[in-house]
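In: Pasting the sequence and the predicted coordinates here, then a few questions.
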Amino acid sequence: MLSPLQKDALVEILNTHIGKAASSLSEMVNQKVILSVPEIELKDSSDINFYQFEKEGIFSNSEVVMSSIKFGEIFKGDANIVFPMANVKVLVDACLGNENEPGNTKLTNEDLDVIKELCNVVLNALIGEFGNLLDVRLEYTSPKIDFALISSLEQSEIIPSNTYVLILYTSFFLAKSQIRGLILIALTENSVNLLLQKIDELLGDMNV
Amino acid sequence: MFDWVERALNMVNTGIIIINSEQNIVFWNDELYRISQISKQDALTKRLSEVCPKFGEAKYQTILENVLNNGQSRFCSSVLHQAFIFPKHVQQGIRQNMKIEPMVYENRVDYALIQIMDITDQVINENRLKEVIKELKQGYEQARESEKASKELARFDHLTGLYNRAHFETKLTKLMEDSLSAEGKLAFLFMDLDGFKQVNDKYGHLVGDILLQQVAGRLLNNTRKTDIVARMGGDEFIIIQNNMLDMEDAITFAEKLVNALKKPYYVDNKRIHTSVSIGISVFPDMSDNVEILIKYADAAMYNVKKNGKNNFGFYEKKSNKKGFNHTILD
Amino acid sequence: MKILIVDDSVFAQKFMEKTILASLPDEQIIAAPSGEDAYELFLSETPDVIVTDLLMPGMGGQMLIKMIRQTDGICKIIVVSADVQKSVQDEVMQMNITAFINKPLNAEKSEQLIRLLGDAKNA
């Protein structure tokens, strides 16, 4: 759904936004944090099959940790950040500078708190910057965090029907770890149009 | 009028603060007094950062501005932030989670709601559990280490670090099994130091011990990893030369050892001379029995001792006859 | 003056090109989408100023700067990056660069970039 130029522009914009989140995180965990979104897709929700995410190791019959916020009104949607459960422990250990014991994927309450905050910071940064980009005021719901087994997750629980979904394949680099996660932003048709319009505007400004 | 809502807010186990868009405190519940010893009277109308200095930090000002100006919610974990509100001088060990949300009315954010959840006890319990698990693990590791150490004590001679007699026999058995299927033979070199007793008598046991260590070092330097080097006791050593192809092999090896061990030793600023007498037997040519092979090598060594020492010799079946002596030309 | 722009985003490249040419229309601009390509251009074209991003796949900006500085201590280097962490800035400033500008390039930062380029020209 995105032309190569639109994709390039959007990736650049998203990486800039997420750079701010990396900065906040780095302050909190006292180490260098690199967040990057090297690849994105924009798809109609009916075209998404969760099996496509298996190559990311997500949603392949394992537990996931998911955090979501809803936002609106002019730019309206649902943002979810998803990590396979195994990655969460690695990520939290990297944040806290703990030794990671492979195979130990038990999450303590503290681990959950850390991941909750992390997801909060990342989603806030991303969605907040969309607001700035589009020059609109956004309202948000309180972030939710869930742990679920994919088998019990209905696709429609994560991706509302009749939406367009911006899929961000995201990488977190901390200490010596690289952790991959997925950010799914489900947008209404109007919101997608708003976004694409803005991008075309920026591209047009540059006579590209 | 009796306000049930306010009463309820004062009963909950969460600290509740409401600030206005200028960050001044407009509500402060009883739980906060319990957490921080700061009373409503002291808190109300004051700027949040004045009452709780932590909120004055840039990091938190940014968060508060984000809530008040952009309407975003923020959760702060105790893991990354420790605590936010505490009695003066008592920050250590207190752990709190915090949630800050905008209170939106008619599209404006006039107020923000701050919830402080004290999880100190929970954290203490979790940490205690972690400590217990860690200690159990350490205890287990220690038990394994000491088991390993005593196993090693049982295998190595504590003075020289060479295999002790018992372990030597184990290793040798294995070597013999392997050797049967391989090309080469095994040479048994049984040796003891010439004049060691005199060294001990003259210089004392401490020097004697150090000398033994140096001898062991020279032996190791002149053998391969596949050979076995063991101390049988006192100043007696045995080396099993692995993969011996012919007599020449064993001769060359023995020569090397004799030459190496006769060079002067320096212990405690003293220059000490000693040498070694080596008796050699061959497996499987002379026997396939370990005890017999050692006996043969011992006999050969006795012969060398009788014939001038500082030399090596092979076992000859006729023990009365002068054994096959090989003289080393200096 | 020859200016080399390095960024893996075509969008960002074009944006900077446009911003620069709007105020300094006579400058010559070359661009590279990766650290590796940029280094080759640095060797073959000897630009006077290099404007580079940091976060790029393969050879990143920091490595590029390090390599350039091994043989050239004179050419001006300006970093334009979304990475705002202090530790990164400190690391990069150690490598004798002219300035570190945070993305996104708003009006104020664009002006800053132009000013820096102007200084480089007159230096």
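Out: Happy to help now that I have it. Residues are numbered from 1 along each chain as shown, chains lettered A, B, ... in the order given.

In: contacts and neighbour counts: CA atoms only from here.
Out: Noted.

In: quick one: whichever residue of the stretch 201-330 of chain B sits closest to chain C from residue A:53, how far?
Out: Closest residue of the stretch 201-330 of chain B to chain C, C-alpha to the nearest C-alpha: residue B:225 (45.4 Å). Separation of residue B:225 from residue A:53 (C-alpha to C-alpha, to the nearest Å) stands at 53 Å.

In: And the two? Which one has more around it.
Out: Taking neighbours as other C-alpha atoms under 10 Å in any protein chain shown, residue B:225 and residue A:53 compare with residue A:53 leading, 14 against 10.

In: Pop out the phi and psi values for the more buried one.
Out: The phi and psi torsions at residue A:53 (degrees, to the nearest 10) take the values phi -90, psi -10.

In: tally of neighbours for residue 40?
Out: In the absence of a named chain, chain A is used. Residue A:40 has 20 nearby residues by other C-alpha under 10 Å.

In: Not quite, go with chain C.
Out: Residue C:40 has 12 neighbours, counted by other C-alpha under 10 Å.

In: Can you name every helix or strand that the helix or strand harbouring it contacts?
Out: Assigned by DSSP states H and E, residue C:40 belongs to helix C:35-45. Counting contacts by 3 or more C-alpha pairs under 8 Å, 6 or more residues apart in numbering or on different chains; DSSP states H and E, helix C:35-45 packs against strand C:2-6, strand C:28-32, helix C:61-71.

In: For that helix, output the C-alpha coordinates as PDB.
Out: In PDB, the C-alpha atoms belonging to helix C:35-45 read as follows (Å, rounded to 0.1, in the frame of the first residue of the first chain):
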ATOM      1  CA  GLY C  35      28.800   4.300   5.000                       C
ATOM      2  CA  GLU C  36      30.600   2.100   2.500                       C
ATOM      3  CA  ASP C  37      29.500   4.100  -0.500                       C
ATOM      4  CA  ALA C  38      30.300   7.300   1.300                       C
ATOM      5  CA  TYR C  39      33.800   6.300   2.100                       C
ATOM      6  CA  GLU C  40      34.400   5.500  -1.600                       C
ATOM      7  CA  LEU C  41      33.100   8.900  -2.600                       C
ATOM      8  CA  PHE C  42      35.200  10.500   0.100                       C
ATOM      9  CA  LEU C  43      38.300   8.900  -1.500                       C
ATOM     10  CA  SER C  44      37.400   9.700  -5.100                       C
ATOM     11  CA  GLU C  45      35.800  13.100  -4.700                       C
END
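
In: Any idea which helix or strand in the chain has the lowest mean pLDDT?
Out: Since you didn't name a chain, this refers to chain A. Every helix and strand of chain A was ranked by mean pLDDT, DSSP states H and E. The lowest is strand A:144-149, at a mean of 68.

In: was after chain C, sorry
Out: Per mean pLDDT, DSSP H and E, bottom of the list for chain C is helix C:86-93, a mean of 83.

In: hang on, the earlier thing: parallel or antiparallel, which strands does the helix or strand just after the helix holding residue C:40 pair with?
Out: Note on helix C:35-45: by DSSP H and E, the next helix or strand toward the C-terminus is strand C:49-52. Sheet pairing here is set by DSSP bridges, and for strand C:49-52 it gives strand C:2-6 (parallel), strand C:76-81 (parallel).
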